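[1] with the sequence up front, the predicted model follows.
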Amino acid sequence: MHESTRGESPAPEDSGTNTSSNPSLESVLNARLSRRSILKGSFGFASTAFFGPGLTACASRGDALQTNTAPGAARSLKLNFDAVAKSLADAVSVPAGHTAAVLYRLGDPIATGVAQYRNDGTESGASFAQRAGDHHDGMHFFGLGSDGKHSTSASDRGLLVMNHESITPSYLHAGGQTIAGHARTVADEVVKEMNAHGISVIEVVRNGGSFSYKTDSPFNRRITAFTEMALSGPAAKTPMMITAYSRDGSKTRGTVNNCANGHTPWGTYLACEENWAGYFRRIAARDDANRSARERTAFARYGVAGNGNHLWATATAASADDTSFSRWNAMKLGSSTDGSDDFRNAANTYGWIVEIDPFHAASTPRKRTAMGRFAHENAAFLPPVAGRPLVCYMGDDSRGEYLYKYVSSAAWDPADANKGLAGGDKYLDDGRLYVARFHADGTGSWVELGFGRNGLTSSNTTYAFADQADVLINTRLAADAVGATKLDRPEWVAVNPANGEAYLTLTNNSHRVLANPSPGRPAVDSASPRFYNDPKGAAATAQKGNPNGHIIRWKDASAEATAFRWDVFLFGARSTADAARVNLSKLTADNDFSSPDGLRFSNHTGLLWIQTDDSACTDVTNCMMLAAVPGKLGDGGKRTINNVDGATTGAVDTYVGAAPGDTRLRRFLVGPKECEITGVAETPDGKALFVNIQHPGEDTRPTLGNPASFGSHWPDGGDARPRSATIVITRNDGGTVGGTLA
Ligand code: FEO
Ligand code: CA
Ligand code: CA
Ligand code: CA
C-alpha cells in the first residue's frame, strides 16, 4: 500500500507499532548532531513529455546503447530498450518495440460456465470463488511440462500464480459497500470481498507469441479468505492457536492481504500475509480488561485493535453455527479457559507465510510457522546448493520493522525438486530464524530468535517468552529484545542468481528523524542515512524523513553465516534533488524513481526489475517499473551524508553503490493513474514478462453514477470502472525482455 490511506482500508504500515526502545546502535554512534543555520536544497522537478492513452508502445529517447563498462556489471548484461518518460496518463507506457497486452483482470472467469464480468458490481459474492480477485500483487510463472508437472524450462505453457492483496470496495459492488449502524447489512457483499482476496492459479498458454489463460484448465483455482489452511511447524497445535474452528490448533480458515510472494526450490508458491492485523475486530477498550498483560503487549505490538477492515465481523451469517464472519471478531467472548469457544486466538493464525502447491488444485495450503509471524512482504531464497541448508530472506513491512533470515535444518537434496508440500514439511517446518542488525562499519550480523538464546526467555522484561512457539508467534517482540535494526519499511527481497547478493527495498519512512528520536520515530543511521524533504508540487506540504526510500543489499559469508557485509545499491530521489544529500545515486530524468517496492531478478538475463508504490512523486508521474544492471556489493564507497533539518544538522556515514548512469538503470514502464506496479514474473526463456497493475484509480473516491468522477478507467477505457489486472509484455522482435546477454 501507499504511505497514504488507500480507499476504505486503513494502511496499517502507516501507523507503525514498533515503539520498542531497543537501541539503534548506529543512531547513537553516527548521528553527529549540531546546531547550525538553515540550508536550503535546490528542489523542483523538470517536467517531461507525457504519452497518450492506450496500451501501445511509446517511443522515447533514441540514443544508441552504450557499452556497459560499469564495475561489477553482471555477465555482460545490457539493457535493450530506450527509457520510457515519466507519465501522468491513464495508460500503460512501455518502450518502443514492445507490446503490452491485458491478460487477467478483476472479475475475469476462471471456470467454464461462469459469465463474463460485467464490471458494474452486480455479480454474486459466491461467483467470485471462480473469478479473478482484486489487487493483483506478487506473482510467479511455473512452467508446465507435457507430463503436467513443473518444468523450469517450459515457456509455452505454465501456471501463473498470483496474490490478490486487497480490494477497492467502491467498485466491487453495484453501489459501494452497504453499511448501516456501523455494521455490514448485506452478507453477500462480505462474501464477495472475502472471495476477492487470496490467490489465483491460472493456466496460461502461448500461441503465436501472445499469451492467454485457459478458462477450462483443471489447474485453475482460487484460494480465498474462506479456504481451509493447515497450521504447520513449531507453533501449530499449541495453546495460542486454539479456536472454535480448530480445538487442537491445527488449522484455520483463509488468508488475507497476501502481498508479495516467493517460490521454493521444490516447485511450490509462497503467499505472504502482510497487513492481516487490521482485518480482525478487537475493540481494545472492551477487550483489554479480559486479557492478560502479555496478551495486551502482543496485540499492541501487532496492531490488533480496531473495528476490523470493512467490518466483516459484523455481518450476519445464514445460521447461528456459521462462523464465517464472526471469526473475524478476535475479542474474548466465550467462557472457556482455552479459547475453544470463540476466536480470541484467531489473529495468531494469521501473519504467516502460506505454502501452496499450484500443481494440485485440491491440496490444502499450509501456514509455515517456523518462518515467523509479522507483516510478511515476500520470501526470497538463495540459490539452493546440494548438501547445504536452504536460506530464505523476508521483510516485515511496517515503519521501523526488521529484516529476517530463515535457515533450514535439512540440507538441500536436488532429488526434492518436485516434492510439493512435502518439501515444505521437510525444509520449512524445522529451521532457525534470525533478525538483522546493520552496523555502522558496513558489516552486519544475524541474531538468532531461538527460545532460551539471546535473552529470549521468561525473564525478558517487555514480554516473558514461554517457548519457541511463543517466540515465533511474537516474532516482533523477540526481534525487539535482541536489538534488531529498525528499517524504513522493508518490502521485497530479491537475490542475484549470479552471485547470491541479496537486495531489499526500503520503500520510505515519513517518521525517520534527524534528531531527538522517540518511540516510533527512529533517528537516521548508517543503513537509513538520509533525512530530507520531498516537495510535492509548488504549494504542497513537503514530506520529511525518507520519503523516496532506498534499496540496500548484503551478502552472507555463507548460508549459516551470522555475519554479512552491506551497502546501499540505489537511493530513490528526484533527478533534480540535491546531489550531495538526496540524489546520491545520481539519478537522471530517464531513471529517477521514488518508493521502491517490488523487486525481482530475471533468472534469464540477471537484470533486476524494480517496481514502485509511490505517493511522493505523484505530481510528476504515476508508479513505474525500471530495469537495472545490478552491479556488485562494494562497487561504490563510503560517503558522509550531511543531513539538514531546519537549524539542525546531522552527518551520517554510509556506503553508496556505484551510480548506475543511464546505461545501468532505465525506466521500462509507467502505469495508469493511481495504480501501484507490483508483481513481476517471466517465462524461463525471458521472452514474456507478466506485470501486475494494482488498484488503478484507487485514490479518488467515486460517485458511481458519474464515471467522470472515477480516478481511472483502465484497462477497459471509456466510462468503465477501473480494474486491477495482469499484463503481458513482449518484444515485437521476439527477443528477451529488458536486457540482452552479450
Ligand atoms: Fe503490500 Fe508492503 O506492500
Ligand atoms: Ca497496494
Ligand atoms: Ca508498498
Ligand atoms: Ca509491496
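    Perfect, thanks for sending it. Ligands and ions are numbered 1, 2, ... in the order given.
[2] for the chain, what helix or strand is lowest in average pLDDT?
    Using mean pLDDT, DSSP states H and E, the weakest-scoring helix or strand in the chain turns out to be strand 32-35, at a mean of 26.
[3] show the subsequent helix or strand relative to that strand.
    strand 77-79 (DSSP states H and E).
[4] tally of neighbours for the residue in the chain positioned nearest to ligand 4?
    Sorted by distance to ligand 4 under C-beta to the ion, the residues of the chain start with residue 597, at 4.2 Å. The way it works is simple: take the backbone N, C-alpha and C, and place the C-beta from them, glycine included. The tally of other residues near residue 597 (other C-beta atoms under 10 Å) stands at 29.
[5] ramachandran coordinates for the residue lying closest to it once chain neighbours are set aside?
    Nearest in space to residue 597, with sequence neighbours left out and distances taken as C-beta to C-beta, 6 or more residues apart in numbering, is residue 613 at 4.0 Å. Backbone torsions of residue 613, given as degrees, to the nearest 10, read phi -130, psi 80.
[6] tell me the strands beside the helix or strand hosting residue 211, with direction?
    Per DSSP H and E: residue 211 is located in strand 210-213. When pairing is defined by DSSP bridges, strand 210-213 lines up against strand 198-207 (antiparallel).
[7] which positions within the partner strand qualify as buried?
    198-204, 206 (16 or more other C-beta atoms under 10 Å).
[8] coming back round to it: so what's the residue of the chain closest to ligand 4 up against?
    Residues touching residue 597, when contacts are defined by C-beta atoms under 8 Å, 6 or more residues apart in numbering, comprise 491-492, 505, 507, 611-613, 676, 678.
[9] could you list which of the residues you listed also contact ligand 4?
    Here is what survives when the contacts of residue 597 are matched to ligand 4 using C-beta under 5 Å from the ion: residue 491.
[10] residue 594 versus the residue of the stretch 401-550 of the chain found nearest ligand 3, what's the distance?
    Distances from the stretch 401-550 of the chain to ligand 3, computed as C-beta to the ion, single out residue 507 as the nearest residue at 4.9 Å. Taking C-beta to C-beta, to the nearest Å as the measure, residue 507 and residue 594 are separated by 9 Å.
[11] which regions of the stretch 451-600 of the chain lie under the pLDDT threshold?
    The model of the stretch 451-600 of the chain has pLDDT under 70 over residues 537-542.
[12] can we see that at 50?
    In the predicted model, the stretch 451-600 of the chain carries no residue with pLDDT under 50.
[13] name the nearest residue to the residue in it that ligand 1 sits nearest to, ignoring sequence neighbours.
    Residue nearest to ligand 1 within the stretch 451-600 of the chain: residue 491 (4.8 Å; C-beta to the nearest ligand atom). Setting aside the residues directly before and after it, residue 491 is nearest to residue 505 in space (C-beta to C-beta, 6+ apart), at 4.2 Å.
[14] which SSE is immediately downstream of the helix or strand where that neighbour lies?
    Using DSSP H and E, the secondary-structure element containing residue 505 is strand 502-506. Sequence-wise, the next helix or strand downstream of strand 502-506 (DSSP H and E) is strand 550-556.
[15] could you list the paired strands of that following strand along with their orientation?
    strand 502-506 (antiparallel), strand 563-571 (antiparallel).
[16] report the buried residues of the last one.
    Going by neighbour count (16+ other C-beta under 10 Å), the buried part of strand 563-571 is 564-571.
[17] how about whichever helix or strand comes after that strand against ligand 3, any contact?
    Proceeding C-terminally, strand 563-571 gives way to strand 596-601 as the next helix or strand, assigned by DSSP H and E. Yes: taking C-beta under 5 Å from the ion as the criterion, strand 596-601 and ligand 3 are in contact, through residue 597.
[18] next, the angle strand 502-506 makes with strand 596-601.
    Angular relation of strand 596-601 and strand 502-506 on a 0 to 180 degree scale: 170 degrees, by axes from the mean of the first three to the mean of the last three C-alpha atoms, to 10 degrees.
[19] just the C-alpha atoms of strand 596-601, please, in PDB.
    Coordinates of the C-alpha atoms in strand 596-601 are reproduced here as PDB (Å, rounded to 0.1, in the frame of the first residue of the first chain):
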ATOM      1  CA  PRO A 596      10.800   1.100  -4.500                       C
ATOM      2  CA  ASP A 597       8.700  -1.900  -3.500                       C
ATOM      3  CA  GLY A 598       8.500  -4.800  -6.000                       C
ATOM      4  CA  LEU A 599      11.900  -6.300  -6.700                       C
ATOM      5  CA  ARG A 600      12.900  -9.300  -8.700                       C
ATOM      6  CA  PHE A 601      15.900 -10.600 -10.700                       C
END
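[20] off-centre distance for that strand?
    9 Å (C-alpha atoms, centre = their mean, to the nearest Å).
[21] which of the strands paired with strand 550-556 sits closest to residue 712?
    The closest approach between residue 712 and any of those, judged by C-beta to C-beta, belongs to strand 502-506 at 24.4 Å.
[22] now do the strands in the stretch 101-250 of the chain.
    When assigned using DSSP state E, counting those that start in this stretch, the strands of the stretch 101-250 of the chain occupy the ranges 136-143, 157-164, 179-180, 183-184, 198-207, 210-213, 221-223, 228-232.
[23] interface residues of this protein facing ligand 3?
    507, 597, 613.
[24] the same query, at a cut-off of 6 Å, please.
    1, 491, 507, 597, 613 (C-beta under 6 Å from the ion).
[25] got a list of what the nearest residue to residue 226 once chain neighbours are set aside touches?
    Using C-beta to C-beta, 6+ apart and skipping the chain neighbours, the partner closest in space to residue 226 is residue 254 (5.6 Å). Residue 254 makes contact with 194, 197-198, 224-227, 229 under the criterion C-beta under 8 Å, 6+ apart.
[26] in a markdown table, list the residues you listed along with distance to residue 265.
    A markdown table is the format used below for the contacts of residue 254 (distance: C-beta to C-beta, whole Å):
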| residue | distance to residue 265 |
| --- | --- |
| 194 | 32 |
| 197 | 28 |
| 198 | 24 |
| 224 | 27 |
| 225 | 29 |
| 226 | 30 |
| 227 | 25 |
| 229 | 22 |
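[27] can you tell me which of those residues are up against ligand 4?
    Checked against ligand 4 using C-beta under 6 Å from the ion, those yield no neighbours at all.
[28] what about the residue lying closest to residue 341 once chain neighbours are set aside, neighbour count?
    Sequence neighbours aside, residue 334 is the residue nearest to residue 341 in space, at 3.5 Å (criterion: C-beta to C-beta, 6+ apart). Using other C-beta under 10 Å, residue 334 has 14 other residues around it.
[29] is residue 334 within a helix or a strand, and which one?
    With elements delineated by DSSP H and E, residue 334 resides in a region that no helix or strand encompasses.
[30] which residues does the closest residue to ligand 2 within the stretch 501-650 of the chain contact?
    Closest approach of the stretch 501-650 of the chain to ligand 2 (C-beta to the ion) occurs at residue 613, with a separation of 5.7 Å. Taking C-beta under 8 Å, 6+ apart as the criterion, residue 613 is in contact with 1-2, 491, 507, 595, 597-598, 623, 676-678.
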